[in-house]
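>>> Got a predicted model here, sequence first, then my questions.
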Amino acid sequence: MNATSTLFAIFARSAIFLLILGAVSPSVAQPNLGGPGSVLIYPVFDARPGIRTCISVTNTNQSYVRCGHGFREGDICLFYYYFSATTCTVFDRTEELSPGDTVTVVVDQHNPNFVNGFLVIQATDPATQLPIDFDFLTGSATIASATAQGALDNGKWTYLAYAFEGIAANPNGSDDCGRKIVTMTSNFNFDGTDYTTFPDEVILEHFEGEGTPLTQPGNYKGTLYLMNSSRLTANVSMAAWNNNSVPVTRNFSTSPCLEEYQLTDLSPALTQVNLAVGYNPSELRGISTGWLRLNSTSPQAGLLGVYRERLAAGAARYIAGRALSIRGSRAVTLTLGP
């Protein structure tokens, strides 16, 4: 075999290998926690009496190269879209970030109209305010509460925002910095064409059952904040398991925009006592644990969520929270209008 034939054979084998890899490992467009992305979604903010939410955004682009309109490649204008939990109406604000800049706002000052809901932050060109592909944003929310002396709800907790990358598969031109304009509409198309898609499922990978463990002192309580991207009630399929794979299933409906659930609102089976049926007592000193998966069976509705867990043990109070894990891909349109 001559050199040309050898190179051709190597190329052919490599091409077949890449095709096989593509067949068995398709890429899935999903958001990621903490960034980077062009759109950040915070599934819950809370500004009710005694509660304060701080929203942080960081611009990791540190380019000071000047563009035609006088701005720099790292300059960005952020649009904040606050969605009311009860009415789904929208209140918007803007903030500008310079290269490598970070900003934190207090929700009850930044948005005086809504006491709770969810927040979408979008990267736009500072000259035209058109949405652009700018995958340099990261963010988190910190929620602090002090509703009563020694109350179980007291404490401070933080979760990472979901970051959606700009795809701009069909760009509407570019700005003066050469950054692709994602869309000319006011809708958020999380469809793999404008931005990466929503997940198909959200997963709470671990929780302690609600109530007092059979073997330990203390009281556990969990709250799930479930964001519904649709302006319609969505049907949800829930499947949960305890730490020895004993299943629980339930179907329920969730309101548009944002709903708040205690674990036992989802199912009375998610208590310490009920999860202990058939559980593994050798794990976590006999504290009953489990995990659950939620899927919207309404095609137009995508779910995102945050979980807050609380423990009271004697005089001690512990509180922590995190965004839910995700799986799969679903095209979703989030609208600003009614």
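Here it is on my side, so go on.

>>> Who does the residue nearest the centre of the chain form a beta bridge with?
In the chain, the residue lying closest to the centroid (CA atoms, centre = their mean) is residue 162, at 3.5 Å. When bridges are called by DSSP bridges, residue 162 pairs up with residue 33, residue 41.

>>> wouldn't it be in contact with residue 324 here?
No. The criterion here is CB atoms under 8 Å, and residue 162 misses it with residue 324 at 9.4 Å. Where C-beta positions appear, they are placed from N, C-alpha and C, glycine not excepted.

>>> list the contacts for residue 146?
Residue 146 makes contact with 50, 154 under the criterion CB atoms under 8 Å, 6 or more residues apart in numbering.

>>> who touches both of residue 162 and residue 324?
Joint contacts of residue 162 and residue 324 (CB under 8 Å, 6+ apart) are residue 304.

>>> Tell me how far the nearest residue to residue 60 once chain neighbours are set aside lies from residue 166.
Spatial nearest neighbour of residue 60, chain neighbours left out: residue 136 (4.6 Å); criterion: CB to CB, 6 or more residues apart in numbering. Separation of residue 136 from residue 166 (CB to CB, to the nearest Å): 10 Å.

>>> Quick check, pLDDT for residue 17.
Residue 17 carries a pLDDT value of 33.

>>> let's have the chain start at 6 instead
Okay, residue one is now 6; in that scheme the one you just asked about reads as residue 22.

>>> Please identify which helix or strand holds residue 299.
Secondary structure from DSSP states H and E places residue 299 in strand 294-301.

>>> any idea how far the residue nearest to the centre of the chain is from residue 72?
Residue 167 is 29 Å from residue 72, by CB to CB.

>>> same check, this time on residue 244
Relative to residue 72, and taking CB to CB, residue 244 is found at 50 Å.

>>> who's more crowded, the two?
Neighbour count, other CB atoms under 10 Å: between residue 244 and residue 72, residue 72 has more, with 18 against 15.

>>> Pull up the gap between the more buried one and residue 178, please.
Using CB to CB, one obtains 14 Å as the distance from residue 72 to residue 178.

>>> and if you look at residue 266?
From residue 266 to residue 178 the distance is 44 Å (CB to CB).
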